[in-house]
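> need the 3D shape of this:
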Amino acid sequence: MDGFLVVDEDTFASMEPKKQMCAMYSTMHNMCADIKVLKTAHIRWSLIGGVIGGGLVMACMLGIPGVVLKLAVG
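Have a look, this model is predicted:
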C-alpha cells in the first residue's frame, strides 16, 4: 500500500505510545516523499507546457500556420 500503515482507530488507541509515534512518523515520512515526487512532476510538466505554448505563439506570430495551410490546400 505505498508504504502507508493502515491502522483503524481502535487498534491505534490500543498501541503503545512508542508504536503510535513510529506509525505516525512512517506515514508522515512517506507522505513527504510522495509530495516531493508530485512537485517534481508538476515542475516538469509546467516547463514542457510553457515550451510548447511558447513555440505555438511564436509560430503564429511568424505566420507558419498560414504557410502550412496554403501548402496543404494547394
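> quick check: mean pLDDT of stretch 56-66?
Along stretch 56-66, the predicted confidence averages to a pLDDT of 81.
> likewise for stretch 27-34?
88.
> distance from the chain centre to it, please.
Relative to the chain's own centre, stretch 27-34 is displaced by 14 Å; criterion: Cα atoms, centre = their mean, to the nearest Å.
> please begin residue numbering at 26 from this point
Yes, from this point I'll number from 26; that puts the last item at stretch 52-59.
> how near is residue 40 to residue 80?
56 Å (Cβ to Cβ, to the nearest Å). No exception for glycine: its C-beta is placed from N, CA and C like everyone else's.
> between these two, which one's more packed in?
Neighbours were counted for residue 40 and for residue 80 using other Cβ atoms under 10 Å; residue 40 has more, 14 against 11.
> now do the contacts for that one.
Listed by Cβ atoms under 8 Å, 6 or more residues apart in numbering, the contact partners of residue 40 are 32, 48.
> over to the one 5 residues further on?
Residues touching residue 45, when contacts are defined by Cβ under 8 Å, 6+ apart, comprise residue 37.
> dihedrals phi and psi, it?
phi -60, psi -50 (degrees, to the nearest 10).
> mind listing the helices for this structure?
For the chain, the helices defined by DSSP state H occupy 34-39, 42-87, 89-98.
> quick check: the gap between residue 85 and residue 95.
15 Å.
> got it, and residue 75?
Distance from residue 75 to residue 95, by Cβ to Cβ: 29 Å.
> please apply the same query to residue 76.
26 Å.
> now swap in residue 81 and tell me
In terms of Cβ to Cβ, residue 81 sits 18 Å off from residue 95.
> do the same with residue 48
Look at residue 48 and residue 95: by Cβ to Cβ, they are 66 Å apart.
> got it, and residue 84?
14 Å.
> the more surrounded of these two?
Higher neighbour count among residue 84 and residue 95: residue 84, with 14 against 10, using other Cβ under 10 Å.
> give me the nearest residue to that one, chain neighbours excluded.
residue 90 (6.3 Å; Cβ to Cβ, 6 or more residues apart in numbering).
> tally of neighbours for the one you found?
Number of residues near residue 90 (other Cβ under 10 Å) recorded here: 11.
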